[in-house]
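Undergrad: Provided below are the primary sequence and the corresponding predicted coordinates.
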Amino acid sequence: MSYTVLIPARLASSRLPDKPLADIAGLPMVVRVARQAQLSQAAQVVVAADDDRIVAACQQHGVQAILTRADHPSGSDRLAEACGVLGLADDELVVNVQGDEPLIDPGLIDAVAALLRQHPGASMSTAAHAIDSLEEFNNPNVVKVVLEASGLALTFSRAPIPWSRDMAGQAWWRNPAAAGLKPLRHIGIYGYRVGFLRAFPSLPQAPLEVVESLEQMRAVWHGHRIAVHLSEQAPGPGVDTPEDLARVRAHFSTLQD
């Protein structure tokens, strides 16, 4: 299986300045992410950066990196530029690994790429895992996805979906009548066909995308299909805040002890 991992890295962050360069056990965070991705079956792992300092930090540690424009409105725009710089063909596959996921599972990366190859009618692939916590189910920061029988996404939402009419506000999936159905938490990793990724930034924003603040709804709104890999476990924690960074640093410290 041949595919490319692209890691968008933007230096500006309102909650954690210079986040890609944050030190984690002696290495910049974006390098930690890239090294995890290099454990996958990807043919190449490339960081798409918006600042020379990120490129320099990657090169210092043997990670391939390219400089992209600093004014991209989204990560997908940055990835589309990166595909052009790398000369990727429209029928090739890329997996977008977020630059703040230093604990990303290489097997998950492979699974997302393989699933897209298995679904020729899908433009994208992503992942999800079952929710069992009522608190997570009701949390708007936890994005939910609902699938059709073939494993393609019907919709994504920050709302608690599916919603049980008869067990509103309860953990309805624990009821035997649910017949094994569980709510699914979306995991923010994406596979793309390069041709679709090039076209994606030119698609008009979808009203649902704006209301929910979920970029993947643009693809769904315009009739593109997203295949969803079901993971048996939740991914390792990402880094959005100083508190998240402290937890991840503690994790790597434990590994080194």
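TA: Everything's here; your move.
Undergrad: tell me where the model's unsure across the stretch 101-250 of the chain.
TA: Judged by pLDDT under 70, the stretch 101-250 of the chain has no weakly predicted residues.
Undergrad: strands of that one, residue ranges please.
TA: 124-130, 144-147, 153-157, 184-193, 226-231 (DSSP state E, counting those that start in this stretch).
Undergrad: out of those, which comes closest to residue 102?
TA: Checking these against residue 102 by C-beta to C-beta gives strand 184-193 as the closest, at 13.7 Å. For every residue, glycine as well, the C-beta is placed using N, CA and C.
Undergrad: share the number of residues neighbouring residue 188, please.
TA: The number of residues packed near residue 188 is 16, by other C-beta atoms under 10 Å.
Undergrad: what sits against it?
TA: Shown in contact with residue 188 (C-beta atoms under 8 Å, 6 or more residues apart in numbering): 98, 126, 143, 238.
Undergrad: returning to that earlier point: between the strands of the stretch 101-250 of the chain, which gets nearest to residue 174?
TA: strand 124-130 (11.8 Å).
Undergrad: by how many degrees do the closest one and strand 153-157 diverge?
TA: Angle of strand 124-130 versus strand 153-157, following axes from the mean of the first three to the mean of the last three C-alpha atoms, to 10 degrees, is 70 degrees.
Undergrad: only alpha carbons, please: show strand 124-130 as PDB.
TA: Below are the C-alpha coordinates for strand 124-130, written out as PDB (Å, rounded to 0.1, in the frame of the first residue of the first chain):
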ATOM      1  CA  MET A 124     -12.200  10.800   1.900                       C
ATOM      2  CA  SER A 125     -11.800   8.400   4.900                       C
ATOM      3  CA  THR A 126     -11.600   9.000   8.600                       C
ATOM      4  CA  ALA A 127     -12.000   7.100  11.900                       C
ATOM      5  CA  ALA A 128     -14.300   6.900  14.900                       C
ATOM      6  CA  HIS A 129     -14.700   4.800  18.100                       C
ATOM      7  CA  ALA A 130     -17.600   3.900  20.300                       C
END
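Undergrad: quick one: it to chain centroid distance?
TA: Mean C-alpha position of strand 124-130 versus that of the full chain (C-alpha atoms, centre = their mean, to the nearest Å) differs by 9 Å.
Undergrad: so what are the sheet partners of it and their directions?
TA: strand 184-193 (antiparallel), strand 226-231 (parallel) (DSSP bridges).
Undergrad: tell me the buried residues in the last one?
TA: Of the residues in strand 226-231, those with enough neighbours to count as buried (16 or more other C-beta atoms under 10 Å) are 226, 227, 228, 229, 231.
Undergrad: which parts of this protein are helices?
TA: Counting by DSSP state H, the chain has these helices, from start to end: 29-37, 52-60, 75-86, 106-118, 134-138, 194-199, 207-212, 216-221, 242-256.
Undergrad: residue 109 reaches residue 189, doesn't it?
TA: Yes. Counting by C-beta atoms under 8 Å, residue 189 is a contact partner of residue 109 at 7.0 Å.
Undergrad: shared neighbours, those two?
TA: 95, 97.
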